[in-house]
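Engineer: could you look at this predicted model? Sequence included:
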Amino acid sequence: KAPMDIATSVGDLSRAMEEGFYLMASELEDVELSRTKVRNEISSAMQQLMDVEAEIGRVQNERDDAFMRAQAYASVTWSMKEREETLLCIKDGLLDDSEG
């Protein structure tokens, strides 16, 4: 009867090891799927970050362009105002035409 108990025990142990192996393989698959999901989420977040950074760059360029246009407009407006004042002074006889 003892040899039969050993054979049964070895069979039970073998089945338990096989079940454990399949359980570990299944859990490893779940871990790999989770890793893939996390990698995809990270990739998506990185793309969103790059899109936001590109949008920030675009808005900064627009701001810089608008600032330069405003400076140019102010400069032209100032020059025109100075020229207008000079012409008024010439007209009023306060300046000689050669001075303006």
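Structural biologist: It's in. None of the values given here were measured: they were computed from a predicted structure. Numbering: from 1, shown residues only.
Engineer: going forward, measure contacts and count neighbours with C-alpha atoms only.
Structural biologist: Noted.
Engineer: and the helices in the chain, which stretches?
Structural biologist: For the chain, the helices defined by DSSP state H occupy 2-91.
Engineer: so where's it shaky on pLDDT?
Structural biologist: 1-4, 95-100 (pLDDT under 70).
Engineer: and if we set it to 50?
Structural biologist: Residue ranges of the chain with pLDDT under 50: 100.
Engineer: geometric centre of it: which residue is closest?
Structural biologist: Geometric centre of the chain, nearest residue: Leu49, 1.8 Å, by CA atoms, centre = their mean.
Engineer: mind checking how far Arg69 is from Arg63?
Structural biologist: 10 Å (CA to CA, to the nearest Å).
Engineer: so what does Asp92 look like in phi/psi?
Structural biologist: Torsion angles at Asp92 (phi, psi; degrees, to the nearest 10) stand at phi -80, psi 0.
Engineer: number of residues surrounding it?
Structural biologist: Counted with other CA atoms under 10 Å, residues neighbouring Asp92 total 10.
Engineer: please renumber so the chain begins at 66
Structural biologist: Happy to do that; since the first residue is 66 now, the last one works out to Asp157.
Engineer: show me the contacts for it.
Structural biologist: Not one residue lies near Asp157 by CA atoms under 8 Å, 6 or more residues apart in numbering.
Engineer: let's see 10 Å
Structural biologist: Thr151 (CA atoms under 10 Å, 6 or more residues apart in numbering).
Engineer: for Thr101, same thing?
Structural biologist: The contact partners of Thr101, by CA under 10 Å, 6+ apart, come to 95, 107.
Engineer: likewise Met145?
Structural biologist: Here Met145 is in contact with 139, 151 (CA under 10 Å, 6+ apart).
Engineer: could you measure from it over to Lys156?
Structural biologist: To Lys156, Met145 is 16 Å away according to CA to CA.
Engineer: for Glu118, same thing?
Structural biologist: For Glu118, the distance to Lys156 - CA to CA - is 56 Å.
Engineer: over to Trp143?
Structural biologist: Relative to Lys156, and taking CA to CA, Trp143 is found at 20 Å.
Engineer: go on, Gln112?
Structural biologist: As judged by CA to CA, Gln112 and Lys156 stand 65 Å apart.
Engineer: sweet, I'm off.
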